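Enquirer: sequence unknown, structure follows:
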């Protein structure tokens, strides 16, 4: 091939690549917009997107909240508790939603970072940071299910 023909082929391939990139971008943008509105309405329907601090009282009443993992709930396990192994064995599909912390400072850091409503049993905790309400939309007191 001559030099001129090689140059034209390169320009044609570059143009074809640019057009393909443009179509891919437009397609993905449209798909994201369509699925984004569905996701937003699903999130508005479900108030289960929250954090549950799994202390002894909460764990004892596991039957009450066992289905929450399927709704996008995150479980935070405080230090010196082995609930995470039990929960991960029973719910291997949701293992990434179960967070084991090594210290109470770590627990509060995770809760602040997630910025979701928090469910806890304050009777099991020595203290709750004062500034927590700035980071967490709502703090819900866990009530035991009496039988």
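Expert: Looks like it came in fine. Nothing here was measured: the structure is a model prediction, and the numbers come from that model.
Enquirer: State which helix of this structure is the longest.
Expert: helix 3-45 (DSSP state H).
Enquirer: right, and the helix or strand after that one?
Expert: Using DSSP states H and E, the helix or strand that follows helix 3-45 in sequence is strand 51-53.
Enquirer: what residues does that following strand touch?
Expert: 58, 65, 68, 73-76, 78, 107, 110-111, 114, 116-121, 125, 136, 142 (C-beta atoms under 8 Å, 6 or more residues apart in numbering). Heads up, the C-betas are built off the backbone N, CA and C, glycines and all.
Enquirer: And stretch 22-38, by the same measure?
Expert: Under C-beta under 8 Å, 6+ apart, the answer for stretch 22-38 is an empty list.
Enquirer: any idea how far it is from the chain center?
Expert: Centroid displacement of stretch 22-38 relative to its chain, using C-alpha atoms, centre = their mean, to the nearest Å, is 22 Å.
Enquirer: tell me the mean pLDDT for that stretch?
Expert: In this model, stretch 22-38 has a mean pLDDT of 75.
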